[in-house]
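[1] Got a predicted model here, sequence first, then my questions.
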Amino acid sequence: MSTNILYTGDNLFFLRGMNSNTVDLIYLDPPFNSKTFYSAPIGSKAAGATFEDMWTWDDVDKYFLEQLIDDYPYLVQFIDSVDVINGEAMMSYVTYMAQRIIEMHRVLKESGSFYLHCDSTASHYLKIICDRIFGKKNFRNEIIWERIKGAGKKSQHSPKKWGASTDTILFYTKSNDFKLKPYRKYDKFELLEKFPKTDENGDRYYDDSAHIFRSKSLGARPNLCYTWKNFKNPNPSGWTLSKKRLQEEFEKGNFVITETLAGPKLERRKYQKDHPGHSLNNFWEDIEAVGGDEDTGYPTQKPLKLLNRIIEASSEEGDLVLDPFCGCATTLVSAQRLGRKWIGIDVEEKSAELVMERLQEEGKLFDKFIHSNNFPRRTDVEDIDIDDKNIKERLYADQKKKCNGCKDNLDIRHFEIDHIIPRNKNGGDYYENLQLLCANCNRIKGNRPMEYLLMRINERDKLFTKKIGFSKRAD
Ligand SMILES: [Zn+2]
């Protein structure tokens, strides 16, 4: 797949068209209030509308409900309980997010990282969703970003809560083998202060010769006492490192023998290149909210510094960064400046205009990128011949001779092969996307999602409820 692409449309369909294991880093800052967000002119504040107004079961893509039910039954149980605890709006929202996070997890490389930006409205629900999809052992951190200094957001008169001033970023990886440099680089002044010396190649270092030998007070260590290139430990406490390690460090240039009037002198050097910066913890209070020239007027714009930190820490030059809710393109700008490749997706046409504008303002950096409304097509799944008799037999056995709609037990010749996700919704000719339906069910379903068929069957059975797809099949 060629990269540096801006897609406009529903990210679920684009994600489904991407090959598995191709992305190094995903950052997403999904909307809480989708409809207002989508329909509001860019620059208008989408604030004011409440969460409940925004999410309904209609926001959930019915085409992919079956996948959720079949592949993640426990997730479905959890989502059902969200309905009881928090109501339908939250249930719809977490379902919408779960469908997309499943695809993000799939397209992420085994060494990839995932950062989900949210706030306390939904962070605890989303964490359980991510624990299920990524596996709880791959949860790394909850990063708290102090978005607003001072008292934060609260009601002015007789406050009912503490001021809210932080966002939450959930950090997951796909496996235990991933890239992470959790540092803040030294600034110019810190560099001069910390690494005052320069070697013959121009590399900065500080003299750490005070740590060649262990201090006498540490007591005798016979196994660290030795002679190396005529240098000998001055007391029985010995060297700070073994002879083997000393030789290795010498070969790396971290120990240097210099000639002085008093004879050869051993110098230990700590180079800047081996010390990337200040170690960071999970509380980020040093990045201010967007302001000044950087402000595009986009309601949920995040500062470049925030994205720079994430991209620098969890990817390398040439890596592919994906932002499936790219909004006003902060992630893409950051990725481009840092020499990463990128894919951005946003549903809103207006967002695309703003992105184009911003990318062009970045000047020559953005000469080459593609803007597309067309779904990509996966090239890593084997298209199969659906007329192949074996495929039908395999499906028949997998479905235990039952129709996937009405559940009737029928002879194989009464079944037809159906695309669970129709071709016009970017569903392909691969095995996982195929099922057997009896001729009657197939006719009812047509190009519609499975939920429609199940609903019709249940209308017939006078058992219809809106969430039949979930409640009935989660067990
Ligand atoms: Zn049927």
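    Great, that's in hand. Numbering: from 1, shown residues only.

[2] in the helix or strand encompassing Leu454, what counts as buried?
    Assigned by DSSP states H and E, Leu454 belongs to helix 450-460. The neighbour-count check on helix 450-460 (16 or more other CB atoms under 10 Å) flags 450-457 as buried. In short, each C-beta sits where N, CA and C put it, glycine included.

[3] Redo these as JSON lines? Include distance to the ion and pLDDT.
    Listed next are the buried residues of helix 450-460 as JSON lines, based on distance: CB to the ion, whole Å; pLDDT from 0 to 100:
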{"residue": "Met450", "distance to the ion": "12", "pLDDT": "83"}
{"residue": "Glu451", "distance to the ion": "15", "pLDDT": "80"}
{"residue": "Tyr452", "distance to the ion": "13", "pLDDT": "83"}
{"residue": "Leu453", "distance to the ion": "8", "pLDDT": "86"}
{"residue": "Leu454", "distance to the ion": "11", "pLDDT": "83"}
{"residue": "Met455", "distance to the ion": "14", "pLDDT": "79"}
{"residue": "Arg456", "distance to the ion": "11", "pLDDT": "81"}
{"residue": "Ile457", "distance to the ion": "8", "pLDDT": "80"}
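
[4] Run through the chain and note the low-pLDDT ranges.
    Within the chain, the stretches with pLDDT under 70 are 1-2, 33-53, 152-156, 363-367, 460-475.

[5] what's across from the most centrally placed residue in it in the sheet?
    Centroid-nearest residue in the chain, with CA atoms, centre = their mean: Phe114, separated by 2.3 Å. Taking DSSP bridges as the rule, Phe114 bridges to Ile26, Tyr172.

[6] Counting by contacts, list what the helix or strand Leu436 falls within packs against.
    Using DSSP H and E, Leu436 falls within strand 434-438. Applying 3 or more CB pairs under 8 Å, 6 or more residues apart in numbering; DSSP states H and E, we find strand 434-438 packed against helix 389-398, strand 415-419.

[7] Could I get the buried residue list for the first one?
    In other words, helix 389-398. Result for helix 389-398 [16+ other CB under 10 Å]: buried residues 391-392, 395-396.

[8] Show me the two of those residues that sit farthest apart.
    Farthest pair in those (CB to CB) is Ile391 and Tyr396. Separation: 9.5 Å.

[9] what's the distance between Asn308 and the ion?
    54 Å (CB to the ion, to the nearest Å).

[10] quick one, the strand holding Leu436 and helix 389-398 angle?
    70 degrees (axes from the mean of the first three to the mean of the last three CA atoms, to 10 degrees).

[11] Give me the angle between strand 434-438 and strand 415-419.
    Going by the same axes, to 10 degrees, strand 434-438 makes 140 degrees with strand 415-419.

[12] right, so of the helices and strands packed on strand 434-438, which gets closest to Ile26?
    That would be strand 415-419 among the helices and strands packed on strand 434-438, by CB to CB, at 27.5 Å.

[13] Could you name the helices and strands sitting against the closest one?
    Short answer (3+ CB pairs under 8 Å, 6+ apart): strand 415-419 packs on helix 389-398, strand 434-438, helix 439-445.

[14] Tabulate these (CSV), appending distance to the ion.
    Output for these, formatted as CSV (distance: least, CB to the ion, whole Å):
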stretch, distance to the ion
helix 389-398, 13
strand 434-438, 3
helix 439-445, 3
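
[15] wait, which of these is closest to Trp342?
    It's strand 434-438; of the helices and strands packed on strand 415-419, that one is closest to Trp342 (CB to CB) at 33.4 Å.

[16] Quick check: residues of the stretch 1-150 of the chain near the ion?
    Listed as neighbours of the ion in the stretch 1-150 of the chain under the rule CB under 5 Å from the ion: no residues.

[17] hey, where'd the helices end up in the stretch 1-150 of the chain?
    11-16, 34-39, 51-54, 65-71, 73-86, 88-107, 123-134 (DSSP state H, counting those that start in this stretch).

[18] can you pull the buried residues of the fifth one?
    This points to helix 73-86. 75-76, 78-79, 82-83, 86.

[19] export that helix as PDB, just CAs?
    Coordinates of the C-alpha atoms in helix 73-86 are reproduced here as PDB (Å, rounded to 0.1, in the frame of the first residue of the first chain):
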ATOM      1  CA  PRO A  73     -18.600 -12.900  22.900                       C
ATOM      2  CA  TYR A  74     -17.200 -11.700  26.300                       C
ATOM      3  CA  LEU A  75     -16.900  -8.200  24.900                       C
ATOM      4  CA  VAL A  76     -20.600  -8.300  23.900                       C
ATOM      5  CA  GLN A  77     -21.500  -9.400  27.400                       C
ATOM      6  CA  PHE A  78     -19.600  -6.400  28.800                       C
ATOM      7  CA  ILE A  79     -21.300  -4.000  26.300                       C
ATOM      8  CA  ASP A  80     -24.700  -5.400  27.300                       C
ATOM      9  CA  SER A  81     -23.800  -4.500  30.900                       C
ATOM     10  CA  VAL A  82     -22.800  -1.000  29.900                       C
ATOM     11  CA  ASP A  83     -26.400  -0.500  28.800                       C
ATOM     12  CA  VAL A  84     -27.600  -1.400  32.300                       C
ATOM     13  CA  ILE A  85     -25.000   0.700  34.100                       C
ATOM     14  CA  ASN A  86     -24.800   3.800  31.900                       C
END
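
[20] Determine the angle, from 0 to 180 degrees, between it and helix 88-107.
    150 degrees.

[21] Show me what helix 73-86 is packed up against.
    By 3+ CB pairs under 8 Å, 6+ apart, helix 73-86 packs against helix 65-71, helix 88-107, helix 123-134, helix 468-471.

[22] how big is the angle separating the second one from helix 123-134?
    Here helix 88-107 points in a direction 30 degrees away from that of helix 123-134 (the same axes, to 10 degrees).

[23] mind checking how far Tyr63 is from the ion?
    For Tyr63, the distance to the ion - CB to the ion - is 19 Å.

[24] Give me the neighbour count for the closest residue to Tyr396 other than its chain neighbours.
    Of all residues not flanking Tyr396 in the chain, Ile412 sits nearest, at 5.0 Å (CB to CB, 6 or more residues apart in numbering). For Ile412, the neighbour count with other CB atoms under 10 Å is 13.

[25] give me every residue that touches Ile412.
    392-393, 396, 401 (CB atoms under 8 Å, 6 or more residues apart in numbering).

[26] Which member of those is positioned nearest Gly428?
    For these, the nearest to Gly428 is Lys392 (17.5 Å; CB to CB).

[27] on that earlier part again, now the helices and strands packed on helix 73-86 in JSON lines, with mean neighbour count and distance to Asp319?
    Below are the helices and strands packed on helix 73-86 laid out as JSON lines (neighbours: other CB atoms under 10 Å; distance: least, CB to CB, whole Å):
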{"stretch": "helix 65-71", "mean neighbour count": "18", "distance to Asp319": "28"}
{"stretch": "helix 88-107", "mean neighbour count": "22", "distance to Asp319": "14"}
{"stretch": "helix 123-134", "mean neighbour count": "19", "distance to Asp319": "19"}
{"stretch": "helix 468-471", "mean neighbour count": "19", "distance to Asp319": "37"}
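
[28] Could you verify that Leu332 is part of a helix?
    Yes - under DSSP: H, G, I helix; E, B strand; the rest coil, Leu332 falls within a helix.
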